[in-house]
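[1] Here is a sequence with its predicted model. Questions after.
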Amino acid sequence: MKEWLAPGLVTSQLTRSGEDRSYRRMPPWPWKMGQEVFLQNRRAICGTKGGQSSCVCCVRRDEAVVCGIVGYIGYRNACSVLLDGLKRLEYRVYDSVGIAVNNSKKIEIIKEASMVSDLERIVKEIAPSGTQGIGNARWANHGGFSVVKAHSCPSRDKHFILAHNGIIENCSELKETLLAEGFNFTSERDTEVIAQLLMKFYDGDVLKALTSLQGQLKGSYALAIVDEEDMDHIYCMRGGFPMVLGMGEGESLCATDTLAILPYTKNVISMDDGDIAELSSQGIKLYDAKGSPLQKKNFFIDWDLSSAEKRGYPHFMLKEIHEQGGAFRSTLEGRLINGGVDFSGELALNEEVIKRLRAIHLVACGTSYYASLIAERAFERWCDLDIKVDVASEYRYRNIRLSPNTLAVFVSQSGETADTLAAQRRARELGAYSLAVTNAQESTLASCCDDVLLLKAGPEIGVAATKTFTGQIAVLYLLAIYIAKMRGTLTPRMEKELIDELIRLPYKIEATLEREHVVEELASNFSGSQSFLFFGRGISYPVALEGALKLKEVSYIHAEAFAAGEMKHGPIALIDSNVPVLIVAPKDSLHEKTLSSIKEAKARRAPVIAVGFDGDEQLANDASHVLYVPPTREEFSPFVTVVPLQLLAYYMAKKRGCEIDSPRHLTKSVTEE
Ligand code: M6R
């Protein structure tokens, strides 16, 4: 049976007009009993309250997601830092925000707001002056902040305030034990269970209590904790959810997302599961799960903060599509030396290990998986190795043979995808050499792998991955060239030819973007379609897969992709005049065959949109519409052919009035299996 929760906040703010700005895709009033509506893009069902006609909405517990935490201690006004940090987390959908800040030797908790701007208004009235505090933006599952006051636990006289992300799976058992021991609860929140447990273990030594607490919690969490009796510290704990720490001059910060703390420091430490951190204005002390002091490497995040803003674009997705040329250039920067790829300053993976390699595995989810499928073709073309590509959620459970002669590459823009992390753990246990390809230097994946290659694409805010997709392919191609060169399977001449074209690619991506208006017009013709079919052959097959994924993610149109050669083996039955068919058809070694797929679809009266190279007149004859892109080498065609597909998804979603940057049911990083 589904369990439904009715967050007070949602109930109290629901208005008959449905005009409240926290509700984005409201169906017209009156809503019917049992009708599905979307609150902040999360599914909710309408019902009645106490038999009255007033409407309440309930959020399904199993759809609960988690959002962000920010913490600050130092010399600045904590409220402004926390509000600013929470605003930077707004791209991760949430339904409530709150902060806890010290104010005249007391901790003030300001919450029950749906938007940071509402919270800002309340904060202005109270004007807390403290320089220490924590903030939490979250989607309700078991609740946000938990304040355990001394009176709820008579045997103790301390109290803690927690900001919690995640779900405690053994919450019920822990609560039962605590109730039997005489603890009282004021809410259903799993956060309160954590807080009470902390109280139970607390005997004046917070660190000791935190290590005991850590041993009891099952599930995934990131915690920031303040103690009203000791306002000189913030404590953080990590168990399955990301948490980064920022070190500034006379100030320390914590956050579940680096973007929240970047304006204050670019010097960050990434916590690992089991780590405990003690933050003060003097610095950060780290401890392992047993409470022993820990040393950790810090990173310098050289992201330009303005790249996390829309800069005049209506959506981050569109901005990030447009950033692909620049992002590509930064991916190449410093890695092309003397006309060749050089990772010697970045990778521990040396010539000796590379020469011993027998196989390369590429493992990822979603768009990152499609980027890996594209790279697979390059690896098999240039390197003499067995290449296997798999989705992480399958790979982790398969009986895969791995050895130190296997290079297992884990591709993830966020570096926090639960399945990818689990697959990496497994590969490492089985002896493979693991390499992370990620955009997040401070991510869990980066810290767990033997080696890391960064995309250097800058922050990607839109949930639909775009510039990180091209960035991933670029890094994987560089890796393939590097490995092939070391293994002697790529001649210097061939390497030079590849590099020369790689350098030209950002310009070709930009030239493709200049034709955006053509895609926008086309989107107007097809925005009413119910279903789309995508086809591609060879290296264009994963491009078709990515195009279909983008379309369904942001426009919610049903889209499926197939290898063009598979058309006759089933998908052809779906083709008729109502189903637009998009065929990725660059002029490559399989072009003739792709053209025949276009004819097959056309013969069944499907509107056919082809993506092809400039000058390919045959396409204009055969297809109903052609989206032309500048020609490039066969291996590199995905860099240009994917761009019109990204734009098509964007404009279709725009015409259909969808929430483009935060599509329903999706999150930027999938931190749960
Ligand atoms: O952060 P990751 O690259 O590991 O994420 C993998 C997928 O969840 C991700 O690519 C997802 O498919 C995106 N929403 C694609 O736009």
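    Looks like it came in fine. Residues are numbered from 1 along each chain as shown.

[2] Would you enumerate the residues in contact with the residue in the stretch 251-400 of the chain that the ligand sits nearest to?
    Of the stretch 251-400 of the chain, the residue with the smallest distance to the ligand, taken as C-beta to the nearest ligand atom, is residue 366 at 2.0 Å. C-betas here are computed from N, CA, C, even on glycine. Residue 366 makes contacts with 465, 549, as judged by C-beta atoms under 8 Å, 6 or more residues apart in numbering.

[3] and if you look at residue 546?
    Per C-beta under 8 Å, 6+ apart, neighbours of residue 546: 367, 370-371, 469, 642, 645.

[4] ok, now residue 440?
    Residues near residue 440 by C-beta under 8 Å, 6+ apart: 258, 413-416, 446.

[5] cool, residue 551 as well?
    For residue 551, the contacting residues are 532, 534, 557, 559, 645, 648-649, 652, taking C-beta under 8 Å, 6+ apart as the criterion.

[6] Compare the residues you listed and tell me which has the most neighbours.
    Highest neighbour count within the contacts of residue 551, by other C-beta atoms under 10 Å: residue 649, with 31 neighbours.

[7] Mind checking what secondary structure that residue has?
    Reduced to three states with DSSP: H, G, I helix; E, B strand; the rest coil, the structure at residue 649 is helix.

[8] Skipping adjacent residues, who's closest to it in space?
    residue 550 (3.7 Å; C-beta to C-beta, 6 or more residues apart in numbering).

[9] Assumed the one you found was part of a strand.
    No - in this structure, residue 550 is helix, not part of a strand, as judged by three-state DSSP.

[10] So it sits against residue 645, correct?
    Yes - using C-beta atoms under 8 Å, residue 550 and residue 645 qualify as a contacting pair, with a distance of 6.2 Å.

[11] give me the element residue 178 is part of.
    helix 171-180 (DSSP states H and E).

[12] Can you identify the element that follows that helix toward the C-terminus?
    On the C-terminal side of helix 171-180, the closest following helix or strand by DSSP H and E is helix 190-201.

[13] Please spell out which residues along that next one are buried.
    The neighbour-count check on helix 190-201 (16 or more other C-beta atoms under 10 Å) flags 190-201 as buried.

[14] From the contact counts, what lies against that helix?
    Using 3 or more C-beta pairs under 8 Å, 6 or more residues apart in numbering; DSSP states H and E as the contact criterion, the neighbours of helix 190-201 among helices and strands are strand 146-147, strand 160-168, helix 171-180, helix 206-216, strand 219-227.

[15] Okay, and the beta partners of residue 102?
    Each beta-bridge partner of residue 102 is listed here, defined by DSSP bridges: residue 107.

[16] hang on, the earlier thing: what's the average pLDDT for the helix holding residue 178?
    Average pLDDT, helix 171-180: 92.

[17] returning to what we had before: wait, which of the helices and strands packed on helix 190-201 is closest to the ligand?
    Counting by C-beta to the nearest ligand atom, the ligand lies closest to strand 219-227 out of the helices and strands packed on helix 190-201; the figure is 16.0 Å.

[18] buried ones in that closest one?
    Of the residues in strand 219-227, those scored as buried under the neighbour-count criterion (16+ other C-beta under 10 Å) are 220-227.

[19] And for stretch 266-278?
    Of the residues in stretch 266-278, those buried under the neighbour-count criterion (16+ other C-beta under 10 Å) are 266, 268-278.

[20] would you list the residues you listed in JSON lines and tack on distance to residue 340, pLDDT and secondary structure?
    What follows is the buried residues of stretch 266-278, written out as JSON lines (distance: C-beta to C-beta, whole Å; pLDDT from 0 to 100; DSSP: H, G, I helix; E, B strand; the rest coil):
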{"residue": "266", "distance to residue 340": "31", "pLDDT": "92", "secondary structure": "coil"}
{"residue": "268", "distance to residue 340": "32", "pLDDT": "95", "secondary structure": "strand"}
{"residue": "269", "distance to residue 340": "34", "pLDDT": "94", "secondary structure": "strand"}
{"residue": "270", "distance to residue 340": "32", "pLDDT": "92", "secondary structure": "strand"}
{"residue": "271", "distance to residue 340": "38", "pLDDT": "94", "secondary structure": "coil"}
{"residue": "272", "distance to residue 340": "35", "pLDDT": "91", "secondary structure": "coil"}
{"residue": "273", "distance to residue 340": "39", "pLDDT": "90", "secondary structure": "coil"}
{"residue": "274", "distance to residue 340": "41", "pLDDT": "93", "secondary structure": "coil"}
{"residue": "275", "distance to residue 340": "39", "pLDDT": "95", "secondary structure": "coil"}
{"residue": "276", "distance to residue 340": "45", "pLDDT": "97", "secondary structure": "strand"}
{"residue": "277", "distance to residue 340": "42", "pLDDT": "97", "secondary structure": "strand"}
{"residue": "278", "distance to residue 340": "47", "pLDDT": "97", "secondary structure": "strand"}
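
[21] Looking at these, which two lie furthest apart in space?
    266 and 274 (25.7 Å; C-beta to C-beta).

[22] do you know how far residue 563 is from residue 538?
    With distances defined as C-beta to C-beta, to the nearest Å, the gap from residue 563 to residue 538 amounts to 9 Å.

[23] The two: which has the busier surroundings?
    residue 538 (22 against 18).

[24] pLDDT wise, what is the more buried one at?
    Looking at residue 538, its pLDDT stands at 96.

[25] any low-confidence regions in this structure?
    Where the chain drops to pLDDT under 70, the residues are 1-66, 91-95, 112-114, 139-158, 672.

[26] 50 instead, please
    The model of the chain has pLDDT under 50 over residues 1-30, 38-45, 47-65, 140-157.

[27] That one - how does it break down into domains?
    The chain breaks down into these domains under automatic domain parsing: 51-300, 313-512, 516-655.

[28] can you redo those as a markdown table with distance to residue 662?
    Supplementary listing: the domains of the chain in a markdown table, determined by distance: least, C-beta to C-beta, whole Å:
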| stretch | distance to residue 662 |
| --- | --- |
| domain 51-300 | 5 |
| domain 313-512 | 5 |
| domain 516-655 | 10 |
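
[29] in what helix or strand does residue 245 lie?
    In this structure, residue 245 sits in strand 244-248 according to DSSP H and E.

[30] helices or strands next to the helix or strand following that strand in the packing?
    Towards the C-terminus, the helix or strand next in line after strand 244-248, according to DSSP H and E, is strand 251-255. Taking 3+ C-beta pairs under 8 Å, 6+ apart as contact, the helices and strands that strand 251-255 lies on are strand 68-73, helix 78-88, strand 230-239, strand 244-248, strand 276-280.

[31] if you set the cut-off to 6 Å instead, what comes out?
    Using 3 or more C-beta pairs under 6 Å, 6 or more residues apart in numbering; DSSP states H and E as the contact criterion, the secondary-structure elements in contact with strand 251-255 are strand 68-73, strand 244-248.

[32] Point out the most buried one among these.
    Using mean count of other C-beta atoms under 10 Å, the stretch among those with the greatest mean number of neighbours is strand 68-73 (a mean of 31).

[33] I'd like to know the phi and psi angles of residue 396, please.
    phi -70, psi -20 (degrees, to the nearest 10).

[34] Spit out the contact partners of it.
    Applying C-beta atoms under 6 Å, 6 or more residues apart in numbering, we find residue 396 in contact with 422-423, 426.

[35] Put together TSV for those residues, with distance to residue 293 and neighbour count on each row.
    Conversion of the contacts of residue 396 to TSV gives the following (distance: C-beta to C-beta, whole Å; neighbours: other C-beta atoms under 10 Å):
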residue	distance to residue 293	neighbour count
422	29	16
423	32	28
426	30	19
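
[36] which one of those sits closest to the ligand?
    Among the contacts of residue 396, and counting by C-beta to the nearest ligand atom, the member closest to the ligand is residue 423, at 10.7 Å.

[37] and that closest one, what does it touch?
    When contacts are counted by C-beta under 6 Å, 6+ apart, residue 423 touches 363, 392, 395-396.
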